[in-house]
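Asks: Mind looking at a prediction? Sequence and model below.
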Amino acid sequence: LGEGWWSGNYTFRGENWNFFGDRQSFLALLILTYEDGSQKIVTTNDQDWQYYDDGPIRYGSFFQGEVYDARKEVGIEGWTQRGFEDQDWEPVVEVGIDSTAYLGMIRTNEVSYEDFELIGQFGENAKVIKELTAQEVTEVRPGVFVYDMGQNMVGIPSITLSDREAGDTIRMRFAEVLYPDLDEYGDNVGMVMLENIRGAYTHDLYVTKEGDNVIEPTFTFHGYRYMEITGLEGPLALENVKGKVISSIHELAADYETSNEKVNRLFQNIVWSQYGNFLSIPTDCPQRNERMGWSGDISVFGRTSTYLANVDQFFRRHMLAMRDAQYPDGRYADVAPADNGFGGILWGSAGMTVAWETYLQYADRALLEEHYSSMKTYMDFLEKGIDEKTGVQAAGMLGDWLSPEGNKNDNTLLFSAYYVFDLEIMARTAEILGFDEDASSYWQQYEDRKQHFNATYFDPQEGKTLKSGFEAPRFGGPPPSASDETNGPQYMDTQVSYAVPLGLGVFSKENAKAAAARLVEIIQSPTVDDAGVTRPANSLMTGFIGTAWISKALSDHGYDDVAYTLLQNEAYPSWLYPVTQGATTIWERLNSYTHEEGFGGNNSMNSFNHYSFGAVGQWLMAYSLGIERGEPGFQEFVLQPTPDKDGNMQWAKGYYDSMYGRIESSWSLDDQQWTYQVVIPPNTTATMYLPTSDKSSVKEMGQSIDESSGLMVEGYEDGELKMRLGSGSYQFTAML
């Protein structure tokens, strides 16, 4: 019986154990059906059952690893015989669940299971989805062998040992990176770097039995690319060292490929980070003493994840966890399952955004029905977070986490923008579920808060974002400076201050145009970061929150070319910078490692598998390929491809497996002419917006678009030809 998420060490704080219980237990109902159709039902009880507690698994824990003594293995027949003949079995006892749970760092109320409800698993189980073979082995010290799996992965090792003596101890340590060959790392060069694993032990110990052995832990998992093995006389052959990749994502639902190989690697890094962090719960990282369902991470990555895999039931289960962890005052915990954290609205709003994104992608009305009451309670909590004097939304602490210019921000701008977004989600949800009175109330609040946002945070004369003057508490930095009446208003003028309200539709129509233009100006200019270093033009200066919205903000306002330039920049800070440094997953920091500076002093506060910056994946699918949601569920959807007009990317292709079938989309450029191909699945229709500078140049399969073509042309406006397409395959050519 393993700890799982039920008990054992959990979260980055070493004292946090047994959030839900302190003892593993077993509950079963066994139905035996005989050949004659009769049945016998056997249930667990303390009269007919016994247990055995001296097997080979001595300890198993997600965070601490597994200790396994193969000398205690016996076959099933021998196990049964030994158990009953030698009287090694013990009578079972009923394991109570009262007063066994950790009370948490924040909550003080007693944890009671008096009214608990036992619910069966729904959604996909975690399972082995791939098997990797080690690519290289290095003896970094005498008897210390480091194996490179070639890919940062999440799972367990599978190691074959032949003809061993009994009693040898084999130790395995797991790391995402090695210490690079830089002077500051001294004697550690080439060794596995475990500082970022922090308080998690994450070692596996294996004691051999006589003969052949297979090391394959059961009750743990590791996030790693490199595995150190000690206790061997010499290195094992590469084919004897494998890694079994474990995930709740069994199959991908999307693919994206372009003429830019580094962008292709970025997309694969996003995929691998979703594999590794969608393991039973949506973790923020899979390797260190955290591995928690941090809500801010899944809130920004939720849109991308719904394209990459069918995560409807996965999110339905996670929304249940968020409801279970919701506080009496309505606040969503920043971590689920569990209840600690310090994020505030940008993290807690996952309770709104993830449910909403799931509905839009899969038309899952049932999830909204299950979650509606909880959403309302959360909105009541947020309403109490409005500062009476200034009217700003102050229910937060974490802002645009890990932004290179985060100290320049007034975080209340982000809090207020998300509050407006949450109100919109709430109003639309109420409409969908038929709660008209609620919908009317939330729409009114939405309009009021949107008006307040525009009046507070934007100067239409200067076309710049403003600081509110409210000094909100913040984690990891000083509060923003208040407005000074002598010097006039203080401008924020950071990338995130435009990207988030533009992406969320919070600016008024007039302000949005000016804000988008200003966003482009600052992207295309050098920027001084918080460390006083001037970063070149086209740098990505946003953090976890802003990076999820910046490309959408640009494309929604006609700046696809800037979005492509930002995407393909390779200098720090950018999406492709980690790719140039050898990343095989998405990093927590855009400079988690550099060839020149190693880990830059962030040895411990560092994760090399953290999907937040991978939120650009939704833009790749919905904007670059143009496969956008229309009506929820993709029975009616939108095709709005955006080729890279500057020609840095010559082609892109990919697909999305919707509930109605595969939607394929590809485009290629030849000077100023471009070709677009699409496959629309049966029983669906699409509204296509085809960019072209010359309507008459558009052809389908070489034929002009006219009345005789049978294609439904609905208009031409702002350089886009609008058409209605039914199921089938199409090929269009047009002049850009």
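Replies: Yep, that arrived.

Asks: low-scoring stretches of the stretch 451-600 of the chain, by residue?
Replies: 474-488 (pLDDT under 70).

Asks: could you pull out the strands for it?
Replies: Secondary structure of the stretch 451-600 of the chain, counting by DSSP state E, counting those that start in this stretch: strands at 458-459, 464-465, 527-528, 534-535.

Asks: What strands flank the lengthiest strand in the chain, and is each parallel or antiparallel?
Replies: Determined from DSSP state E, the single longest strand within the chain is strand 144-164. Strand 144-164 sits in its sheet next to strand 136-141 (antiparallel), strand 211-215 (antiparallel), strand 222-230 (antiparallel), strand 241-247 (antiparallel), going by DSSP bridges.

Asks: Tell me the gap between that strand and the middle of its chain.
Replies: Taking the mean of its C-alpha atoms, strand 144-164 sits 26 Å from the chain's own mean (C-alpha atoms, centre = their mean, to the nearest Å).

Asks: thinking again about what came up before, tell me which of the strands paired with strand 144-164 sits nearest to Arg331.
Replies: Evaluated over these, closeness to Arg331 peaks at strand 222-230, with 29.5 Å, by C-beta to C-beta. Where C-beta positions appear, they are placed from N, C-alpha and C, glycine not excepted.

Asks: Let me see the ranges of the strands in the stretch 51-200 of the chain.
Replies: 57-61, 65-69, 90-91, 127-133, 136-141, 144-164, 169-175.

Asks: Give the buried residues for the first one.
Replies: Using 16 or more other C-beta atoms under 10 Å as the test for burial, strand 57-61 gives 57, 60-61.

Asks: The longest strand of the chain versus strand 127-133: what angle between them?
Replies: 100 degrees (axes from the mean of the first three to the mean of the last three C-alpha atoms, to 10 degrees).

Asks: Would you mind listing the buried residues in strand 144-164?
Replies: Neighbour-count burial for strand 144-164 [16+ other C-beta under 10 Å]: 144-149, 151-159, 161, 164.

Asks: Also stretch 166-178?
Replies: 168, 170, 172-178.

Asks: Endpoint to endpoint, that stretch covers what distance?
Replies: With C-alpha to C-alpha, to the nearest Å as the measure, the ends of stretch 166-178 fall 32 Å from one another.

Asks: about what we covered before: tell me what angle the longest strand of the chain forms with strand 65-69.
Replies: Using the same axes, to 10 degrees: strand 144-164 against strand 65-69 is 30 degrees.

Asks: can you give me the mean pLDDT across strand 144-164?
Replies: Averaging pLDDT along strand 144-164 yields 98.

Asks: Kindly report the same for stretch 667-686.
Replies: For stretch 667-686, the per-residue pLDDT averages 95.

Asks: Just the CA coordinates for it, please, in CSV.
Replies: Once non-C-alpha atoms are left out, stretch 667-686 reads as follows in CSV (Å, rounded to 0.1, in the frame of the first residue of the first chain):
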residue,chain,number,x,y,z
TRP,A,667,0.1,26.9,-44.9
SER,A,668,3.1,27.7,-46.9
LEU,A,669,4.6,30.9,-48.4
ASP,A,670,6.1,31.5,-51.8
ASP,A,671,7.1,35.2,-51.9
GLN,A,672,3.8,37.0,-51.6
GLN,A,673,1.6,34.1,-52.6
TRP,A,674,0.5,31.6,-50.0
THR,A,675,-1.2,28.3,-49.9
TYR,A,676,-3.6,27.1,-47.3
GLN,A,677,-4.9,23.6,-46.9
VAL,A,678,-7.5,22.4,-44.5
VAL,A,679,-9.5,19.3,-43.7
ILE,A,680,-12.8,19.7,-41.9
PRO,A,681,-14.3,16.6,-40.3
PRO,A,682,-17.8,15.2,-40.9
ASN,A,683,-20.8,16.8,-39.3
THR,A,684,-19.0,20.1,-38.7
THR,A,685,-18.9,23.5,-40.3
ALA,A,686,-16.2,26.2,-40.2
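
Asks: What are the buried residues along that stretch?
Replies: Within stretch 667-686, the residues that qualify as buried by neighbour count (16+ other C-beta under 10 Å) are 667-669, 674-678, 680-681, 684, 686.

Asks: among these, which are in strands?
Replies: 667-669, 674-678, 680, 686.

Asks: So for stretch 377-385, what gets flagged as buried?
Replies: 377-379, 381-382, 385.

Asks: Including pLDDT, secondary structure and distance to Leu423, could these go into TSV?
Replies: Listed next are the buried residues of stretch 377-385 as TSV, based on pLDDT from 0 to 100; DSSP: H, G, I helix; E, B strand; the rest coil; distance: C-beta to C-beta, whole Å:
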residue	pLDDT	secondary structure	distance to Leu423
Thr377	98	helix	14
Tyr378	97	helix	11
Met379	98	helix	7
Phe381	96	helix	13
Leu382	97	helix	9
Gly385	94	coil	13
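
Asks: Show me which of those residues is closest to Tyr226.
Replies: Each of the buried residues of stretch 377-385 was checked against Tyr226 using C-beta to C-beta; the closest is Tyr378, at 41.7 Å.

Asks: Would you state the strands of the stretch 251-400 of the chain in chain order?
Replies: Taking DSSP E, counting those that start in this stretch as the test, the strands found in the stretch 251-400 of the chain are 254-258, 278-279, 281-282.

Asks: List of residues touching the longest one?
Replies: The set of residues that contact strand 254-258 without belonging to it, under C-beta atoms under 8 Å, 6 or more residues apart in numbering, is 264, 267, 307-309, 617, 620-621, 624-625, 649, 651-657.

Asks: cool, stretch 58-65 as well?
Replies: Counting by C-beta under 8 Å, 6+ apart, 2-5, 8-10, 66-69, 200-205, 217-222, 289, 291 sit against stretch 58-65.

Asks: residue contacts, Gly4?
Replies: So Gly4 contacts 62, 219 (C-beta under 8 Å, 6+ apart).

Asks: Using a markdown table, lay out the buried residues of stretch 377-385 together with distance to Asn188.
Replies: Below are those laid out as a markdown table (distance: C-beta to C-beta, whole Å):
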| residue | distance to Asn188 |
| --- | --- |
| Thr377 | 50 |
| Tyr378 | 46 |
| Met379 | 51 |
| Phe381 | 47 |
| Leu382 | 47 |
| Gly385 | 46 |
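
Asks: I figured Asn538 was touching Leu566, is that so?
Replies: Yes. Using C-beta atoms under 8 Å, Asn538 is in contact with Leu566, at 5.7 Å.
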